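**Student:** how would this look folded up:
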Amino acid sequence: MRRSVFSANRRMLAKLLVLTAVMFGFGYALVPMYRTICTALNLNVLSLSSNVRETWSGKDEAVNTQVDRSRTVSVEFDANAHGPWEFHPAKNALDVHPGEMVTVDYEFKNTQNRTMTAQAIPSYAPGQASPYFHKLECFCFSQWTLAPGESKHWPVVFVIDPKLPRDVTTITLSYTFFEVGGRTPPAPGGPDA
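**Tutor:** Coordinates of the predicted model:
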C-alpha cells in the first residue's frame, strides 16, 4: 500500500513538473508570438522596430503609420458662453489628418467681480462624427473655479479616428460654457415676476 501511494505521488510530481515546464515555455514564447501576430495584422505598429526612421537630427523617431495622410478633415472650433465672461478658441479652424494627434487652446476670462465655478459641455456637428472624435485631454472633463478677472488657457488634445466616414470632410467642435451652481435668474412669468 505504501509503495502504491509513493508511486502515485511520484507520477503526480512528474506531471506537475511537465506542466510547469510547458507553462514556462508558453510564457517565454508569448513575446515573439505577440510580435508576429501584431506584424501580420498591422496592429501596435508604433512599438515595432521596423517603424523607426532616422530624423534630420540623427535621432530615431517612431513613425505613426496610423495617420491617414491621404485625406484631410477641416475641424472648426466654436465657443458659446452663457454668462458675462469671455470664452473663445485660440484658432477658429484647423485642417487635420485622421489619426493625427492635435492640440488646440481655448481662452477664458472671468470678467465678473466675483469668484465663479463653471464647466463646458462639448457638442459635434455633424452628429455622425461624434463617435470618431476622441478627446485625450479636455478642460470639459472638470469644473473650474476662477477668481474675479482671472484668465485661463486650456488645451484640448484630440484624435480623429481614421475610420471616420469619407463623406465627412468638416467637423465642428462646439463648447457651451456655463456657470455651475451660479446665480440663475428666475424664469419669466414665474412666482418672482
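
**Student:** Do I have it right that Y124 meets V168?
**Tutor:** No - in this structure, Y124 is not within contact of V168 by Cβ atoms under 8 Å, at 10.3 Å. Bear in mind the C-beta positions are built from the backbone N, C-alpha and C, glycine included.

**Student:** What are the boundaries of the helices in this protein?
**Tutor:** Ranges of helices in the chain, per DSSP state H, are 2-41.

**Student:** where in it is pLDDT low?
**Tutor:** Applying pLDDT under 70 to the chain flags the ranges 1, 42-65, 182-193.

**Student:** Kindly state the domain boundaries assigned to it.
**Tutor:** What automatic domain parsing lists as the domains of the chain is 2-46, 73-179.

**Student:** Let me know which of these is the nearest to V67.
**Tutor:** Closest approach to V67 among those is made by domain 73-179 (4.0 Å; Cβ to Cβ).

**Student:** Show the contacting residues for the residue nearest in space to the middle of the chain.
**Tutor:** With distances taken as Cα atoms, centre = their mean, L136 lies nearest the centre of the chain, 2.7 Å away. With Cβ atoms under 8 Å, 6 or more residues apart in numbering as the criterion, the residues that contact L136 are M101, V157, F158, V159.

**Student:** Show the buried residues in these.
**Tutor:** Using 16 or more other Cβ atoms under 10 Å as the burial test, the contacts of L136 include F158, V159 as buried.

**Student:** Tell me which of the contacts of L136 fall in strands.
**Tutor:** The members of these that map onto strands under DSSP state E are M101, V157, F158, V159.

**Student:** what's the closest of those residues to Q66?
**Tutor:** V159 (9.1 Å).

**Student:** ok, that closest one touching T103?
**Tutor:** No - using Cβ under 8 Å, V159 makes no contact with T103, being 10.6 Å away.

**Student:** I'd like the distance between the residue nearest to the centre of the chain and T103.
**Tutor:** To T103, L136 is 9 Å away according to Cβ to Cβ, to the nearest Å.

**Student:** hey, what's in contact with both of these two?
**Tutor:** Contact criterion Cβ under 8 Å, 6+ apart; residues shared by L136 and T103: V157.

**Student:** Can you give me the neighbour number for the nearest residue to Q119 once chain neighbours are set aside?
**Tutor:** Leaving aside its chain neighbours, Q119 sits nearest to Q143 (4.5 Å; criterion: Cβ to Cβ, 6 or more residues apart in numbering). Other residues within reach of Q143, judged by other Cβ atoms under 10 Å, total 13.
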